[in-house]
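>>> Here you go, sequence then predicted model.
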Protein chains: 2
Amino acid sequence: MKDFWYYVPTRINFGPSCFQYLVDTIKQWGTKPLIVYGGGSIKKNGAYDAVVGRLKEAGIPFVEMDGVEPNPRLESVIKGNEICRKEKCDILLPIGGASAIDCAKSIAATCTYKGDPWDIISKKVQVGKVFPIITVPTLSAAGSEMSTSSVISRMDINEKAGYSDPEMRPKASFLNPEFTFTMPKKQTAAGIADAISHVAESYFSNVPEAYLQAKFGEALFNTLFHYGKTVYNDPKNYEARSNIMWACCWAINGLVVKGNPVGWSMHKLEHELSAFYDVTHGIGLAVIMPAWMEWMLTEDNAYRYLGYLKAAFEIDPSGMDKMVAAKLAITKTKEYFAEIDLPLRLRDIGIEKDMLPKMAHEASIIGKDYFSKAFRVLDENAAFEIYKMAY
Amino acid sequence: MKDFWYYVPTRINFGPSCFQYLVDTIKQWGTKPLIVYGGGSIKKNGAYDAVVGRLKEAGIPFVEMDGVEPNPRLESVIKGNEICRKEKCDILLPIGGASAIDCAKSIAATCTYKGDPWDIISKKVQVGKVFPIITVPTLSAAGSEMSTSSVISRMDINEKAGYSDPEMRPKASFLNPEFTFTMPKKQTAAGIADAISHVAESYFSNVPEAYLQAKFGEALFNTLFHYGKTVYNDPKNYEARSNIMWACCWAINGLVVKGNPVGWSMHKLEHELSAFYDVTHGIGLAVIMPAWMEWMLTEDNAYRYLGYLKAAFEIDPSGMDKMVAAKLAITKTKEYFAEIDLPLRLRDIGIEKDMLPKMAHEASIIGKDYFSKAFRVLDENAAFEIYKMAY
């Protein structure tokens, strides 16, 4: 495996009893939290009350900001900065999905910066001081509760910028799988696809000697596919929800990628969908992933598809022709996504065919560094091919 | 899965280039390290020079203490405390195997305590202030470089006490797999058995709904068995050494046990061997593990043995009678240990038969809390049975 450093100092508090640690954690890291959330779902699933009730009881002052968009926008970051400065908040406390968490991370990372926050988000300026972030996720998907990254969109210039910094990793996160019981079905399915795609970006790598990382990837694939249909069809199944919630964290926190560096090319292709059409991230990924796998496949790298086939679908490829088995892995992926009602084609999610060249061009620009390190090296033509295959 | 918290803030720096971060890390955590090690192996494998050279170059003062025993003893902890106080060391820097690291952890945890250090080690007094610990492991085995525990022996009363505290988790560890190229064959084999036993203690659990943890356990079994023979027969194989080194960390750092609580009964049985006979920990575990697995096996829990058989030996048990498959898993384990020249019977490592009742009695006392939470509940008779089966 390649040389690496691994440092994941997020304290995870897991299960319905986890909030016993909330007040002490807040006090450890700050004095006045800004609670960041989206719509009203957190008031229905119990998360809002679990947090706010305890803060009030402990006499901890706090401020709220709601209305964060599904693909969080720069405007929300700016709004959060204004509130933080005015109210002297010194700790971010997002409750909700990755949108709320990513927005809070970007508020934390730009609040003390005097220039345009987009400078930092678009990586023109390095991340400086970051306020501590404590998260309460209520969706299982992007794993932002244990990761260093944040993705923010600007619809005015059709850009979706992802950036990361070790300081943006949450200090602590409180994961109660019960809060995900009421996730809308569409979000549940999109979350599964999102986490699967995170593992896939690392698993389909050119570092075969990072064997342990691949085996961890297979453990995650197996768990996500094993319980994915269960959470979709039986949303209050605690066993399934808890395994999915914990797996989503490990899919992105560094376990499968450290020592096993890869270019996150699938995400760059998907980002264009969200940038131009405000597509739900996980849904975009579900459409892109099978086409991406198909384009990536060669005689030399087929063995990875066999490992995936075995881990994800518990189909033993021994005795099968390797290319047949690899293609079966792709077909099975599509079938699985169809079973949890995810769309299979770009046309089904409102993408216009004549936009494909433009998106391929943009993807090749923002993805330049990523495309060259991918499982199979991509360029603008390849991006266009993949979009066409997914159309 | 059960409610849990997970917090592993050790920064791992991995690979031959990892020492680029050493000086900054030392400066971040203290001013004057006490370097702790055992015999002279670290002067041959390059680890000593890698550390001391950089400290000298950076003008960081340090003190050395050598001579830590393979099962580190209380006397070494006391000696370390005296040096630390006299020399005003404020950071522990063990180089070597788990013995050096465990000794350093106990120095760090007892140095500012005014009473007898054994009070803390034997859990009569809670751990208070702990000096920061930075480790440079040169053996792949116990994973002490990422864990919270320390084991210290007192030969005068035949006691081996293991204890743990979150503050005893190293702040950072520097892992260069090349330093393990020259591990003696016996240590290499013992290390493999040690790490396998760590995974087994958690994998053979009564929390089947901790599915992800079991899958991570299978990933670790697979990696350890896959590369175990390679590192034994081809000691300079970097791919194998690096995977084993990284797997040893994950076998013990909480990944497989959090949400999946278990009683560490196999270790309690082994501790008696070391306490009475100063047996190498991993070798004692290799002898105990197959007998322990055999005693634990019931019709109800056999399914776990099937998962183990598949992960460790890549043998698909489908179509086999479950008890036959479970017993095959045990036979295969013995065969594997024999292939890396590990002893298979207590008699082969100098244990006297008439000591078995006494060891069983002692194990049942120190193991009381552990035995009741084990995969199958043990008592003194059970301990005696297992020792007899292993004899």
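Perfect, I can see it now. Numbering: from 1, shown residues only, chains lettered A, B, ... in the order given.
>>> Quick one: neighbours of the closest residue to chain B within the stretch 51-200 of chain A, just the number.
Residue of the stretch 51-200 of chain A nearest chain B, by CB to the nearest CB: residue A:172 (8.2 Å). For every residue, glycine as well, the C-beta is placed using N, CA and C. Counted with other CB atoms under 10 Å in any protein chain shown, the neighbours of residue A:172 add up to 25.
>>> likewise residue A:67?
12.
>>> Name the SS class of it, please.
Classification of residue A:67 using DSSP: H, G, I helix; E, B strand; the rest coil returns coil.
>>> Report the contact partners of it.
Under the criterion of CB atoms under 8 Å, 6 or more residues apart in numbering or on different chains, the contact list for residue A:67 reads A:38, A:39, A:76.
>>> Please apply the same query to residue A:347.
A:353, A:391.
>>> In a helix, it, correct?
Yes - applying three-state DSSP, one finds residue A:347 inside a helix.
>>> Can you pull the residues of the stretch 101-250 of chain A lying near chain B?
Taking CB under 8 Å from any CB of the partner chain, the part of the stretch 101-250 of chain A that reaches chain B is made up of A:209, A:211-212, A:215-216, A:218-220, A:222-223, A:226-227, A:239, A:242-243, A:246-247, A:250.
>>> Residue A:320: how many residues sit nearby?
Neighbours of residue A:320 (other CB under 10 Å): 14.
>>> one step back: hang on, isn't the residue of the stretch 51-200 of chain A closest to chain B packed against residue A:23?
No - the criterion here is CB atoms under 8 Å, and residue A:172 misses it with residue A:23 at 11.8 Å.
>>> Need the residue closest to the centroid of chain A.
With distances taken as CA atoms, centre = their mean, the residue of chain A nearest its centroid is residue A:142 (2.3 Å).
>>> My read is that it contacts residue A:285, right?
No - at 10.3 Å, residue A:142 does not count as touching residue A:285 under the criterion of CB under 8 Å.
>>> Overlap of the contact sets of these two?
Counting by CB under 8 Å, 6+ apart, the common neighbours of residue A:142 and residue A:285 are residue A:194.
>>> And the strands in the stretch 151-300 of chain A?
In the stretch 151-300 of chain A, the strands defined using DSSP state E, counting those that start in this stretch lie at A:159-164, A:172-175.
>>> which one of the ones you listed has the most crowded surroundings?
strand A:172-175 (a mean of 26; mean count of other CB atoms under 10 Å in any protein chain shown).
>>> Each with direction, which strands does that strand pair with?
The strands beside strand A:172-175 in its sheet (DSSP bridges) come out as strand A:4-14 (parallel), strand A:134-137 (parallel).
>>> any idea which of those is most buried?
Sort the strands paired with strand A:172-175 by mean neighbour count, taking mean count of other CB under 10 Å, and strand A:134-137 sits at the top with a mean of 28.
>>> Quick check: mean pLDDT of it?
The average of the pLDDT scores along strand A:134-137 is 98.
>>> what number of residues lie near residue A:167?
Residue A:167 has 16 neighbours, counted by other CB under 10 Å.
>>> That one contacts residue A:131, doesn't it?
No - in this structure, residue A:167 is not within contact of residue A:131 by CB under 8 Å, at 9.4 Å.
>>> and the residue lying closest to residue A:64 once chain neighbours are set aside, bridged to which residues?
Using CB to CB, 6 or more residues apart in numbering or on different chains and skipping residues adjacent in sequence, the residue nearest residue A:64 is residue A:35, 4.7 Å away. The partner list for residue A:35 in beta bridges (DSSP bridges) reads residue A:64, residue A:93.
>>> show me the contacts for residue A:35.
Contacts of residue A:35 by CB under 8 Å, 6+ apart are A:51, A:52, A:62, A:63, A:64, A:65, A:93, A:94, A:95.
>>> Tell me the spacing between it and chain B.
Distance, residue A:35 to chain B, by CB to the nearest CB, to the nearest Å: 22 Å.
>>> Using CSV, write down the CA coordinates of stretch A:305-321.
This file holds the C-alpha atoms of stretch A:305-321, laid out as CSV (Å, rounded to 0.1, in the frame of the first residue of the first chain):
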residue,chain,number,x,y,z
TYR,A,305,-15.6,-6.5,-10.5
LEU,A,306,-15.5,-10.1,-9.4
GLY,A,307,-14.6,-9.1,-5.8
TYR,A,308,-17.5,-6.6,-6.0
LEU,A,309,-19.9,-9.2,-7.4
LYS,A,310,-19.1,-11.6,-4.5
ALA,A,311,-19.3,-8.9,-1.8
ALA,A,312,-22.3,-7.0,-3.0
PHE,A,313,-24.5,-9.8,-4.3
GLU,A,314,-23.0,-12.9,-2.7
ILE,A,315,-22.5,-14.5,-6.2
ASP,A,316,-19.4,-16.6,-6.4
PRO,A,317,-17.7,-15.9,-9.8
SER,A,318,-15.4,-18.9,-9.7
GLY,A,319,-15.8,-20.9,-12.9
MET,A,320,-17.3,-17.9,-14.8
ASP,A,321,-15.6,-16.1,-17.6
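>>> chain center to it, what's the gap?
In terms of CA atoms, centre = their mean, to the nearest Å, the centre of stretch A:305-321 is found 26 Å from the chain centre.
>>> if you look at that stretch, does any of it touch chain B?
Yes - using CB under 8 Å from any CB, stretch A:305-321 comes into contact with chain B via residue A:316.
>>> Give me the residues contacting that stretch.
For stretch A:305-321, using CB under 8 Å, 6+ apart, the contacting residues are A:196, A:200, A:203-204, A:214, A:217-219, A:221-222, A:224-225, A:293, A:297, A:322, A:325-326, A:328-330, A:332-333, A:336, B:316.
>>> and the closest residue to residue A:245 other than its chain neighbours, how many neighbours?
Leaving aside its chain neighbours, residue A:245 sits nearest to residue A:140 (4.4 Å; criterion: CB to CB, 6+ apart). Using other CB under 10 Å, residue A:140 is surrounded by 31 other residues.
>>> So residue A:140, which state does it fall into?
Quick answer, by three-state DSSP: residue A:140 is coil.
>>> Residue A:187 versus that one, what's the distance?
Computed with CB to CB, to the nearest Å, the distance linking residue A:140 and residue A:187 is 9 Å.
>>> In a markdown table, list the strands of the stretch 151-300 of chain A along with mean pLDDT.
Output for the strands of the stretch 151-300 of chain A, formatted as a markdown table (pLDDT from 0 to 100):
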| stretch | mean pLDDT |
| --- | --- |
| strand A:159-164 | 88 |
| strand A:172-175 | 98 |
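>>> So which of those strands is nearest residue A:376?
Among these, the nearest to residue A:376 by CB to CB is strand A:159-164 (21.6 Å).
>>> Pull that closest one out as CSV, backbone CA atoms only.
This file holds the C-alpha atoms of strand A:159-164, laid out as CSV (Å, rounded to 0.1, in the frame of the first residue of the first chain):
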residue,chain,number,x,y,z
GLU,A,159,-21.0,25.4,-9.9
LYS,A,160,-20.9,22.8,-7.2
ALA,A,161,-17.7,23.0,-5.3
GLY,A,162,-16.4,20.3,-3.0
TYR,A,163,-13.4,21.0,-0.7
SER,A,164,-12.1,19.5,2.4
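>>> ok, back up a step: ok, the residue of the stretch 51-200 of chain A closest to chain B - contacts?
When contacts are counted by CB under 8 Å, 6+ apart, residue A:172 touches A:10, A:11, A:12, A:13, A:21, A:25, A:29, A:134, A:135.
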